[in-house]
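Engineer: Predicted model and sequence follow; I will ask about them next.
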Amino acid sequence: MAATEISVDHIARVEGHGDIRLVIEDGQVTTCEMAVVEPARLFESMVRGRSFEEVPYIASRVCGICSSSHVVTDLRAIEQVFGVEVTDRTEALRELLLYGSYLQNHGTHLFVFAAPDFLGHKSVFPLAEGNPELFERALGLKALGNELCTLVGGRSIHPITAVVGGFTHEISADEYLRLAEAMDATREFALASVDLFRDFDTVDVQTEGDLLAMVAPDAYPVCTSDTLRFVRAGYDFSAQDVEEEIEEYPVGHSAAFLARARRTGHPYMTAALARVNASWDALSKDARYAAAKAGLRPPEYNPFANNIAQAVELVDVLDRCAALCRRLAANEFEGGSEPVKFDVRAGRGVGFTEAPRGALFHILDIDEGGRVRRASIMTPTAQNIANLEADMRQLAEKMAAGGYDTDLITLEVEKLVRAYDPCLSCSVH
């Protein structure tokens, strides 16, 4: 039997540029490659020799959607080196800033990138024409994320108010209350989004890799914990040990490093699906109910379910942001948000946050003058690619065994890639 070759150059509706190559012979996948073809962006070299004050602004340029996550992650690394402890109010503001990027990212991914797959469209434009109300409300969701990032971070991308030890500016109580009301008004659409993605048909594929997410007792953390969990393997570790626990390695077909757990040798997925699996009990009441109604309960290992997990997180984020805004307006958090005093010193720090697409790490070595000696960035997409390739292989073999034609296998593989919500530009950092 002749080999079946599937090649997709510059896969559509993802951030950045990547190619897919599959070869299927006698029902077995002999070649499976998710090739990131982005050129090196050299952010790690760019910050070397720079003052710590410049680094977060440079690192925010890694991504136009997750720029808030890169800033906060860098700040956490720097603060570990200098021994800075921020106030509860600053932590709350950082959560709001990250949640703004969740609204931006999930709204874009679900309705612009993913939804056309399940509605028989090749782009978002037929969706916008056929269901303008859905499209406008989706854009409104992203606009709310933009507004949240602007009010908390100073602008919608590449925030400028978040600095080492605190914030340089904060909005008024009235503005917080107005934001809380906007979050409440958007919740109905977010709940409907979970139902929408619940009704989309997907192939039953169970990833054989692990799931990695930030964890904390009785919390659904995004930037307030230093602990990670491999859900399937069942062990936790500190973000400070990330280079000992996670191995990055090169492959010939991709410009991005791939990743695997050192203890098990297994690839893994870090994403909304990992967070929901790791912290299901800490989701807001509405989000947990919506997830259960959609059939999303731990353990859930179908990577296509990441779309539903992102929709569930939209509900959770709106609930959390409304509560945070009301508490900030009422001055319920200890301390102010002004930057605390600190002394510059040498050392190594690992910043860790949950970016919208998954676990994000910034490792910084800083000298006694406050300049960076070494920097390393581990983005969610770079960590996900090895597991994505394994899932692509499993999906293609399952469909080939079921007698599906090449066009349908190609479509489902593309849908799988988009379900991972990759940012291929960020993966080469």
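Structural biologist: Arrived safely, thanks for sending.

Engineer: Skip the chain neighbours and tell me the closest residue to the residue nearest in space to the middle of the chain.
Structural biologist: Centroid check for the chain by Cα atoms, centre = their mean gives R357 as the closest residue, at 1.4 Å. The shortest distance from R357 to any non-neighbouring residue, by Cβ to Cβ, 6 or more residues apart in numbering, is to P380 (4.0 Å). Heads up, the C-betas are built off the backbone N, CA and C, glycines and all.

Engineer: burial count for that neighbour?
Structural biologist: Using other Cβ atoms under 10 Å, P380 has 28 neighbouring residues.

Engineer: hang on, the earlier thing: wait, the residue nearest to the centre of the chain touches Q383, no?
Structural biologist: No: R357 lies out of contact with Q383 (Cβ atoms under 8 Å); the separation is 9.5 Å.

Engineer: Find residues that contact each of these two.
Structural biologist: Shared contacts of R357 and Q383 (Cβ atoms under 8 Å, 6 or more residues apart in numbering): T270.

Engineer: Helices along the stretch 101-250 of the chain, start to end?
Structural biologist: 115-118, 125-130, 132-153, 173-198, 242-245 (DSSP state H, counting those that start in this stretch).

Engineer: Let me see the contact set for the residue nearest to R357.
Structural biologist: P380 neighbours (Cβ under 8 Å, 6+ apart): 270-271, 355, 357-360, 423, 426.

Engineer: so which of those residues would you say is closest to P126?
Structural biologist: C423 (24.7 Å; Cβ to Cβ).

Engineer: just the strands in this structure please.
Structural biologist: Along the chain, counting by DSSP state E, strands occupy 4-8, 18-25, 28-36, 162-163, 166-167, 210-215, 227-230, 235-238, 246-249, 258-261, 268-269, 347-355, 358-366, 372-378.

Engineer: The third one vs strand 4-8, what angle?
Structural biologist: Between the axis of strand 28-36 and that of strand 4-8 there is an angle of 10 degrees, by axes from the mean of the first three to the mean of the last three Cα atoms, to 10 degrees.

Engineer: residues in contact with strand 28-36?
Structural biologist: Applying Cβ under 8 Å, 6+ apart, the set of residues contacting strand 28-36 is 3, 16-24, 253-256, 385, 388-390, 392-393, 396-397, 400, 417, 424, 427-428.

Engineer: Now restrict the residues you listed to buried residues only.
Structural biologist: The neighbour-count test (16 or more other Cβ atoms under 10 Å) marks 16-20, 22-24, 254-256, 385, 388-390, 392-393, 396-397, 400, 417, 424, 427-428 as buried among the contacts of strand 28-36.

Engineer: In helices, which of those residues fall?
Structural biologist: 385, 388-390, 392-393, 396-397, 400, 417, 424, 427-428 (DSSP state H).

Engineer: quick one: which two of those are the most distant?
Structural biologist: A400 and V428 (31.2 Å).

Engineer: what's the weakest-modelled helix or strand in the chain?
Structural biologist: Of the helices and strands making up the chain, the lowest-confidence element is helix 125-130, at a mean of 79, by mean pLDDT, DSSP states H and E.

Engineer: Run through the stretch 1-150 of the chain and note the low-pLDDT ranges.
Structural biologist: Across the stretch 1-150 of the chain, the ranges flagged by pLDDT under 70 are 1-2.

Engineer: let's go with 90 and repeat that
Structural biologist: Applying pLDDT under 90 to the stretch 1-150 of the chain flags residues 1-4, 12-13, 15, 26-27, 39-43, 60, 62-66, 116-135.

Engineer: so how far is E170 from the closest residue to D174 other than its chain neighbours?
Structural biologist: Closest residue in space to D174, ignoring its immediate chain neighbours: A329 at 7.7 Å, by Cβ to Cβ, 6+ apart. In this view, A329 and E170 are 11 Å apart by Cβ to Cβ, to the nearest Å.

Engineer: and what of L134?
Structural biologist: For L134, the distance to E170 - Cβ to Cβ - is 35 Å.

Engineer: Same question for N277.
Structural biologist: 35 Å.

Engineer: When these two are compared, which one has more neighbours?
Structural biologist: When neighbours are counted by other Cβ under 10 Å, N277 and E170 differ, and N277 comes out ahead with 24 against 19.

Engineer: which residues touch the more buried one?
Structural biologist: So N277 contacts 211, 213, 231, 298-300 (Cβ under 8 Å, 6+ apart).

Engineer: And for E389?
Structural biologist: E389 sits next to 32-34, 267 when contact means Cβ under 8 Å, 6+ apart.

Engineer: Mind picking the two most distant members of these?
Structural biologist: E33 and P267 (14.2 Å).

Engineer: Now find how far off-centre stretch 47-58 is within its chain.
Structural biologist: In terms of Cα atoms, centre = their mean, to the nearest Å, the centre of stretch 47-58 is found 23 Å from the chain centre.

Engineer: Could you report the neighbour count for H121?
Structural biologist: If we define neighbours as other Cβ under 10 Å, then H121 has 15 of them.

Engineer: Now for the nearest residue to it once chain neighbours are set aside: which residues touch it?
Structural biologist: In space, and not counting its chain neighbours, H121 is closest to L127: 5.6 Å by Cβ to Cβ, 6+ apart. Taking Cβ under 8 Å, 6+ apart as the criterion, L127 is in contact with 111, 115-116, 119, 121, 134-135.

Engineer: Contact partners for E397?
Structural biologist: Counting by Cβ under 8 Å, 6+ apart, E397 makes contact with 24, 27-29.

Engineer: Quick check: PyMOL command selecting the buried ones in these.
Structural biologist: Buried residues within the contacts of E397, by 16+ other Cβ under 10 Å, are selected in PyMOL with:
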select buried, resi 24+29
